[in-house]
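Trainee: next input, structure requested:
(2 chains)
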Amino acid sequence: SQQGEEDPQALSIQEGENATMNCSYKTSINNLQWYRQNSGRGLVHLILIRSNEREKHSGRLRVTLDTSKKSSSLLITASRAADTASYFCATDEAGNQFYFGTGTSLTVIP
Amino acid sequence: DAGITQSPRYKITETGRQVTLMCHQTWSHSYMFWYRQDLGHGLRLIYYSAAADITDKGEVPDGYVVSRSKTENFPLTLESATRSQTSVYFCASSHPHYEQYFGPGTRLTVT
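Mentor: So this is what the prediction gives:
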């Protein structure tokens, strides 16, 4: 069974708008990571947030983590057409098990 | 070149044949991983390795075999390929509990 589940499954926004996607998980984690995948390509790491952190920023990305609710969110501000991709959360669980969610497909319309 | 590579990039094989997918990384990462990606399932961990000669099962290990005799290599073998193993396979590497770096993937079709 998968650990991380993203919501929404698909998101379509206009260029310049913000995009928010959410991830829920089921058990204790060491850290939670977000990845991007462009069509037909490998995954690229975006940001890692550890279980003792609540918020992290990287450029236009902002990630929050609420361990009491077992949830995380990824905010992409001022979106660009180049942000069009699938976004996955992944949980690094105790025992070295690593689970990816099914992803959010983001389309940014120019 | 530094990085993580996979070979072959594309493979078509027949049911029952043995297939080996190769993965090579130049970062000296201790951890290496194999995932498969299927529509509707996201990425699922097949096997991982914490160091040379140490391997462990992931979420979907049945039908696969791995080995890690050298830190930089982590081959994945399908001993007797089945149609359900048609998928895109990704290899990744990392330091313990840090971000993973992914290869470009191998698209495998089992006919």
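
Trainee: the one helix or strand A:C23 maps to and chain B, any residue contact?
Mentor: Per DSSP states H and E: A:C23 is located in strand A:19-24. No - Strand A:19-24 is not in contact with chain B by C-beta under 8 Å from any C-beta of the partner chain; minimum separation 11.4 Å. Using the backbone N, CA and C atoms, a C-beta is placed for each residue, glycine as well.

Trainee: so how far is that strand off the chain centroid?
Mentor: A distance of 6 Å separates the centroid of the chain from that of strand A:19-24, by C-alpha atoms, centre = their mean, to the nearest Å.

Trainee: helix or strand right after that strand?
Mentor: On the C-terminal side of strand A:19-24, the closest following helix or strand by DSSP H and E is strand A:29-37.

Trainee: tell me if that next one is near chain B.
Mentor: Yes - against chain B, strand A:29-37 shows contacts by C-beta under 8 Å from any C-beta at A:30-31, A:33, A:35.

Trainee: sheet partners, orientation included, of that strand?
Mentor: Using DSSP bridges, the neighbouring strands of strand A:29-37 in the sheet come out as strand A:43-50 (antiparallel), strand A:85-93 (antiparallel).

Trainee: what angle sits between the last one and strand A:19-24?
Mentor: Which is strand A:85-93. Regarding strand A:85-93 and strand A:19-24, their directions subtend 30 degrees when assessed with axes from the mean of the first three to the mean of the last three C-alpha atoms, to 10 degrees.

Trainee: list of residues touching strand A:85-93?
Mentor: Contact partners of strand A:85-93, identified using C-beta atoms under 8 Å, 6 or more residues apart in numbering or on different chains, comprise A:3-4, A:6, A:21, A:23, A:25, A:27-39, A:43, A:46, A:72, A:74, A:98-106, B:42-43, B:97, B:100.

Trainee: weed out the non-buried ones from these.
Mentor: Of all the contacts of strand A:85-93 considered here, the ones buried according to neighbour count by 16 or more other C-beta atoms under 10 Å in any protein chain shown are A:3-4, A:6, A:21, A:23, A:25, A:29-37, A:43, A:46, A:72, A:74, A:98-106, B:42-43, B:100.

Trainee: about what we covered before: kindly reformat the strands paired with strand A:29-37 as TSV containing distance to A:K56 and mean pLDDT.
Mentor: Rendered in TSV, the data for the strands paired with strand A:29-37 read as follows (distance: least, C-beta to C-beta, whole Å; pLDDT from 0 to 100):
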stretch	distance to A:K56	mean pLDDT
strand A:43-50	5	96
strand A:85-93	13	93
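
Trainee: winner for burial among the ones you listed?
Mentor: strand A:85-93 (a mean of 24; mean count of other C-beta atoms under 10 Å in any protein chain shown).

Trainee: alpha carbons of that strand, as PDB, please.
Mentor: What follows is strand A:85-93, C-alpha atoms only, in PDB (Å, rounded to 0.1, in the frame of the first residue of the first chain):
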ATOM      1  CA  ALA A  85       4.800  18.600 -14.800                       C
ATOM      2  CA  SER A  86       3.700  15.900 -12.400                       C
ATOM      3  CA  TYR A  87       4.600  16.400  -8.800                       C
ATOM      4  CA  PHE A  88       5.100  13.600  -6.300                       C
ATOM      5  CA  CYS A  89       5.500  13.500  -2.600                       C
ATOM      6  CA  ALA A  90       7.600  10.700  -1.100                       C
ATOM      7  CA  THR A  91       7.900   9.600   2.500                       C
ATOM      8  CA  ASP A  92      11.100   8.200   4.000                       C
ATOM      9  CA  GLU A  93       9.700   5.800   6.600                       C
END
